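Visitor: Fold the following, please.
(one chain, ligands or ions: 1)
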Amino acid sequence: MTHPSPHRRSTTARRLTVATAPQWFVAATAHEVGRKPLARTIADKPVVLFRRRDGSIAALADRCPHYGLPLSSGDVIGDDIECGFHGLRFDGSGVCTYMPTQKLPPERFCVHAYPVDECDGQVLVAITPEVDEKVAEAEPLVRRSKETDREAP
Ligand code: FES
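Guide: I've put the predicted structure just below:
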């Protein structure tokens, strides 16, 4: 049995590092991001930006995990963004903080949060192509029809 040479392993590791390394993109100027959700497409990814009450900025995938509709059509409530369709709320880290029909939202019900930085009047968002591509293509976590609801125990 042959083993790959150390050189070959290091080349593979380098490729993996390059493929999964985050890339920073200018998403907006600092004054464009406020308490109203701002939709942007960055590296083909829909992203929503908003400012928390302390002035820090959050960047989330602009796709509600409920039915995949854009979070940017909702509102910023406190430090959270509220989906304009059925009222789910997410904090800046993407955690679902409020679901109208449940006391405790399921932990898996979250939105991808992007690293974000504000520097010299610009807002930068880090996209990791290999990782974030899967997020962008993921199906909504909940897609239930009335028929499914009837079959549930
Ligand atoms: S689509 Fe966002 S809460 Fe239903």
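Visitor: Near the ligand, which residues of the chain are found?
Guide: Contact residues (CB under 6 Å from any ligand atom) of the chain with the ligand: Cys64, His66, Tyr67, Leu69, Cys83, Phe85, His86, Gly87, Leu88. Heads up, the C-betas are built off the backbone N, CA and C, glycines and all.
Visitor: now those residues: which count as buried?
Guide: Buried members of the residues of the chain next to the ligand, counted by 16 or more other CB atoms under 10 Å: Cys64, His66, Leu69, Cys83, Leu88.
Visitor: and the third one, what is it in contact with?
Guide: Contacts of Leu69 were listed using CB atoms under 8 Å, 6 or more residues apart in numbering, and they are Arg63, Cys83, Gly84, Phe85.
Visitor: any chance of the residues you listed in CSV, with distance to Pro105 and pLDDT too?
Guide: Converted to CSV, the contacts of Leu69 look like this (distance: CB to CB, whole Å; pLDDT from 0 to 100):
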residue, distance to Pro105, pLDDT
Arg63, 17, 96
Cys83, 12, 97
Gly84, 17, 97
Phe85, 16, 95
